[in-house]
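[1] Dropping the sequence and predicted coords here.
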Amino acid sequence: MFERGDKVQIWASNQQSILLDLLGTGPRTIKGRPAQANRNKGPGRGRSKPLRRDDQTKAMTTDGVMGRVHGSRRDPRKDERESRKGQFSCIDRILVEMESLEMEILSTLPRPRARRSQYFNSDQLMSILMVALASSVETAWRGSMGSFYLGQEGSEMVFGILMWRWNFIELMSGDVHCLPWGEGYSSFVRERTYMDSPIKKLPHAHDAAARLTRPEPRLAGFNGSRLGWTEFARLRKNSWQDGVLGTNCPIPPNSNFTYKFQTKDQIGTYTYFPSTIMHKAAGGFGGLNVYARSVIPVPYPKPAQDFTLLIGDWFKTSHKALQQYLDSGKSLPFPDDILINGQTHSTFSGDQGKTYMFRISNVGLSTSFNFRIEGHKMKLVEVEGSHVIQNTYDSLDVHAGQSLSILVTLNQPVKDYYIVASTRFTKQVLIAAAVLHYTNSQTPVSGPLPAGPTYEIHWSMEQARTLRWNLTANAARPNPQGSFHYGNITTTKTFVFANSAPLINGKQRYAVNRVSYINSDTPLKLADYFNIPGVFSMDSIQSIPSEGPAFLATSVVPVSLHDFIEVVFQNNENAMQSWHLDGYDFWVAGYGSGQWTSDSRKAYNLHDTLTRHTAQVYPNSWTAILISLDNQGMWNMRSAIWERQYLGNQFYLRVFNAIHSLANEYDMPTNVLLCGKAIGRHP
């Protein structure tokens with residue numbers, strides 16, 4: 001275990017290796033000092049000069065935009081000395097002194113003892129890889145607050161926590177002249193610390209928790225805000241910890257809250273973000289990667305390395321101003337940019353002949369993007385926890401809230417290649433470019449960016465239909481994915497949910513079957529538990545669309561545990577839609593143009609469609625999904641396009657069984673926050 005006073009230096013360019021080390025897949029970093037193999041690694045490798053976007057044209061061309069810094073690695077001791085000088089131009093290097101550790105471990109583990117300085121680069125501020133190890137009994141971790149890892153140290157299992165503390169800072173104009181989001185922009189900065197503690201034997205379903213501390217606000221913009229968290233990982237039997245306003249009270253300032261839960265069976269690529277108001281627009285998001293246990297085979301050779309790419313549209317306007325737009329009844333402006341890992345320039349390095357995994361997530365607020373790598377084929381292997389048929393693609397569409405994993409073999413001549421993400425279905429095409437750098441390459445990228453699709457809806461829909469389950473592959477458990485024959489199950493009920501964009505009281509709102517959702521000051525889960533009347537309505541939203549004016553309501557759709565339901569998302573608008581369901585994944589049965597009818601079922605894939613948690617709905621089209629309701633609780637179904645979610649394009653599924661059983665749902669946590677009409681009530 002780290003002793004008091006030990007210092008751990010984390011260099012951003014080597015961060016991924018360090019996290020893999022903690023999982024036991026690389027040189028270990030334990031007992032207060034790095035392994036010999038890691039001792040001299042510094043941040044210089046893989047840097048690139050800023051991408052100059054001024055010369056880009058609508059033809060998606062650029063010339064001479066990349067330069068490379070060659071030479072030996074920088075001395076990390078020199079980095080430390082320079083960082084202590086307090087010269088934070090462009091926040092190239094920020095020294096964060098952890099003031100205290102606010103962490104709690106709910107087991108027999110000793111309380112961590114450490115206090116240390118951490119170093120990390122600006123290109124990691126907006127995208128931090130978090131890792132966990134999947135278990136047949138779901139090893140617990142909190143994606144938004146901390147990531148739990150397992151490793152092997154001799155005969156001992158090593159358990160550790162990657163804890164995050166969040167602060168809100170105002171970047172002064174003198175320090176942000178080269179940042180992509182402009183002057184005076186507010187952003188989240190993540191502070192981190194690594195702890196480890198050996199366990200002789202790690203029991204199954206080992207419980208642990210990470211504690212989020214809301215420190216006293218340091219700067220303007222953070223005062224009075226309340227925060228909640230969610231992630232696109234599925235929680236098992238525990239909507240109490242889902243981290244949305246329908247299940248949890250927001251965490252007040254100057255306080256802390258410990259999330260404790262188990263994840264539902266899953267592996268794959270996921271993301272996390274603050275669930276209240278518009279914090280996501282300020283960079284409040286990150287990646288969460290779940291790896292299979294060593295005894296569970298995966299249907300592809302182990303890649304040489306993982307790269308996590310968090311890609312999304314970006315607004316120069318502050319998150320507060322964006323919220324004011326929406327609160328005043330206006331739509332958000334068009335995004336200013338699209339970024340890869342929060343940057344306009346990133347470099348991913350690899351050796352010729354080796355295969356690398358790229359974990360790609362759309363963390364943006366509104367737009368879909370197309371992803372491609374110049375001169376390289378991409379083999380799709382995983383989509384939101386599903387191992388899929390391993391088709392190869394030249395480019396892939398990724399819609400709001402979605403994630404996927406691809407394998408790329410570096411089988412081209414040694415040089416640098418463009419990595420490109422460009423927006424889809426938008427009149428103005430935004431472009432983000434990064435670099436795939438072959439080790440020992442002396443040839444920087446040049447020439448036009450590889451072109452991609454822009455508005456071809458049919459092309460995208462046809463590509464979506466090629467995403468199919470690998471029926472013989474495992475996911476998190478030993479049994480093959482295809483052992484569950486979803487196509488043979490009779491549906492118990494059909495819902496058709498039509499989105500719309502009405503004006504209500506003269507302000508822009510978004511609705512589902514004419515109902516525009518409004519948040520209650522009392523979480524629906526608490527109101528349901530305490531039988532508090534008047535908080536939500538279970539009859540406001542109908543199972544099929546109907547004519548009439550839109551209205552405001554806190555809408556809940558009642559369903560029964562173990563039902564198998566069909567849900568159709570009908571999109572009669574000209575804009576792309578994306579729908580997400582907390583607590584579940586679902587089978588995407590089919591896509592189609594125009595209006596859905598019962599005859600549309602003839603086009604369903606009832607054999608090998610994939611399961612996922614977020615499904616796109618094309619303009620003037622429909623998407624049908626099938627859900628096995630095996631997870632009791634109050635679960636949020638919402639638009640993954642954040643403006644629509646914020647202005648009412650959501651509701652909750654109340655998955656209920658009258659028989660109280662811990663086999664169906666966990667009890668209310670002892671540290672539950674009470675707010676609204678639940679104040680003063682006790683279990």
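    Thanks, I have the structure now. Numbering: from 1, shown residues only.
[2] hey, C-alpha coordinates of the host helix or strand of Leu380 in PDB?
    Using DSSP states H and E, Leu380 falls within strand 378-383. Taking Å, rounded to 0.1, in the frame of the first residue of the first chain, the C-alpha atoms of strand 378-383 are listed here in PDB:
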ATOM      1  CA  MET A 378     -12.100  -1.200 -39.200                       C
ATOM      2  CA  LYS A 379     -13.300  -4.500 -37.800                       C
ATOM      3  CA  LEU A 380     -16.300  -3.900 -35.500                       C
ATOM      4  CA  VAL A 381     -16.200  -6.300 -32.500                       C
ATOM      5  CA  GLU A 382     -18.400  -4.800 -29.800                       C
ATOM      6  CA  VAL A 383     -21.400  -2.400 -29.500                       C
END
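[3] Quickly run through the sheet partners of that strand, with directions.
    Applying DSSP bridges to the sheet, strand 378-383 is found paired with strand 386-387 (antiparallel), strand 392-393 (antiparallel), strand 403-409 (antiparallel).
[4] how does this structure divide into domains?
    As given by automatic domain parsing, the domain ranges for the chain are 12-45+70-297, 337-465, 484-678.
[5] ok, and which of the strands paired with strand 378-383 has the densest surroundings?
    A comparison of these by mean neighbour count, using mean count of other C-beta atoms under 10 Å, puts strand 386-387 on top with a mean of 26. The way it works is simple: take the backbone N, C-alpha and C, and place the C-beta from them, glycine included.
[6] Name the nearest residue to Val512, sequence neighbours excluded.
    Distances taken as C-beta to C-beta, 6 or more residues apart in numbering put Phe497 closest to Val512, at 5.1 Å, once the chain neighbours are dropped.
[7] Start from the N-terminal end of the stretch 251-400 of the chain and give the strands.
    256-259, 268-274, 286-291, 306-314, 337-340, 347-350, 355-362, 368-373, 378-383, 386-387, 392-393, 395-398 (DSSP state E, counting those that start in this stretch).
[8] any idea of the mean pLDDT for the first one?
    I take that to be strand 256-259. The average pLDDT within strand 256-259 is 74.
[9] From Ala321, how far off is Thr623?
    According to C-beta to C-beta, to the nearest Å, Thr623 stands 33 Å off from Ala321.
[10] one step back: list the residues that contact the residue nearest to Val512.
    Contact analysis of Phe497 by C-beta atoms under 8 Å, 6 or more residues apart in numbering lists 512-513, 545, 567-570.
[11] got these as TSV, with neighbour count columns?
    TSV is the format used below for those (neighbours: other C-beta atoms under 10 Å):
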residue	neighbour count
Val512	28
Asn513	23
Pro545	17
Val567	24
Val568	23
Phe569	25
Gln570	24
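[12] how about the residues you listed, which pair is most distant?
    Pro545 and Val567 (13.1 Å; C-beta to C-beta).
[13] Overlap in contacts, these two.
    496-497.
[14] that older thread, per-stretch mean pLDDT over the domains of the chain, give me the minimum one.
    Looking at these, the bottom one is domain 12-45+70-297 with a mean of 46.
[15] hang on, the earlier thing: if you look at the contacts of Phe497, which of them are in strands?
    With strands defined by DSSP state E, the entries of those inside them are 512, 567-570.
[16] ok, the residues you listed vs Asp306, which is closest?
    Among the ones in strands among the contacts of Phe497, Phe569 lies closest to Asp306 (C-beta to C-beta), at 32.0 Å.
[17] Who does the closest one form a beta bridge with?
    Residues in a beta bridge with Phe569, per DSSP bridges, are Phe497, Thr623.
[18] try Val383
    Applying DSSP bridges, one finds that Val383 bridges with Ser386.
[19] would you turn the strands of the stretch 251-400 of the chain into JSON lines with distance to Gln645?
    Listed next are the strands of the stretch 251-400 of the chain as JSON lines, based on distance: least, C-beta to C-beta, whole Å:
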{"stretch": "strand 256-259", "distance to Gln645": "21"}
{"stretch": "strand 268-274", "distance to Gln645": "12"}
{"stretch": "strand 286-291", "distance to Gln645": "19"}
{"stretch": "strand 306-314", "distance to Gln645": "15"}
{"stretch": "strand 337-340", "distance to Gln645": "20"}
{"stretch": "strand 347-350", "distance to Gln645": "31"}
{"stretch": "strand 355-362", "distance to Gln645": "15"}
{"stretch": "strand 368-373", "distance to Gln645": "16"}
{"stretch": "strand 378-383", "distance to Gln645": "22"}
{"stretch": "strand 386-387", "distance to Gln645": "24"}
{"stretch": "strand 392-393", "distance to Gln645": "29"}
{"stretch": "strand 395-398", "distance to Gln645": "18"}
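[20] Compare the ones you listed and give me the one nearest Tyr486.
    That would be strand 386-387 among those, by C-beta to C-beta, at 12.3 Å.
[21] picking that back up, Val290 is nearest to which of the strands paired with strand 378-383?
    Of all the strands paired with strand 378-383, it is strand 403-409 that lies closest to Val290, at 10.9 Å by C-beta to C-beta.
[22] ok, and what's touching that closest one?
    232, 268-271, 300, 303, 353-362, 373, 376-384, 390, 393, 396, 398, 436.
[23] follow-up on the earlier one: could you point out which of the ones in strands among the contacts of Phe497 is nearest to Val672?
    Using C-beta to C-beta, Val512 comes nearest to Val672 of those, at 28.5 Å.
[24] Thought Ala498 was touching that closest one, still the case?
    Yes - the criterion here is C-beta atoms under 8 Å, and Val512 meets it with Ala498 at 7.1 Å.
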